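J.: Got a sequence here, can you model it:
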Amino acid sequence: MVWAYTSQISALCGAAYFMLAVTFACFGTLQGQGRPSIAALAMLVGLWGISVPLAWVFGFRWPDGGHGLVGVWWGLIAGYLTMTLSMCFFVLRSDWELYANQAKARAEMEGKLVPLDSDHDAETDPFTAAV
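T.: A predicted model of the protein is given here:
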């Protein structure tokens, strides 16, 4: 019985971790673009809105009393898939030039980026003085 669960769950875990790897790559991209609210909303809906309820349903209720631990993992997979596809959609549909310009503008406002065409003192610049 343990071997049967292990073989079923290991395949599900592999799928889950693959989706989580893609999710966190997209999360980092969205955060770098200055759009962390999209990632946060996708995580909220995917994890709490889909994973938790479906894990409970597939694990303990449907069909005929649920599938136990394997059903819980199927519920988690459904939420992870939702979260991953949502974030991938926004990353793949990004206007990269727009977000790069916005990131540059934010960095310049914070004084952390010296424009390439400006004259600056390398000794007082904290980013070049340490080099």
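J.: Check what pLDDT W62 gets.
T.: With respect to pLDDT, W62 has a value of 83.
J.: what sits against it?
T.: Residues in contact with W62 (CB atoms under 8 Å, 6 or more residues apart in numbering): none are found. In short, each C-beta sits where N, CA and C put it, glycine included.
J.: What's the separation between it and P53?
T.: Counting by CB to CB, to the nearest Å, the gap between W62 and P53 amounts to 11 Å.
J.: what's the answer for A11, then?
T.: Distance check for A11 against P53: by CB to CB, it reads 23 Å.
J.: Assign a three-state SS to E108, would you?
T.: helix (DSSP: H, G, I helix; E, B strand; the rest coil).
J.: What is the neighbour count of it?
T.: Other residues within reach of E108, judged by other CB atoms under 10 Å, total 12.
J.: now do P53
T.: For P53, the neighbour count with other CB under 10 Å is 13.
J.: Secondary structure class of it, three-state.
T.: The assignment at P53 comes out as helix when based on three-state DSSP.
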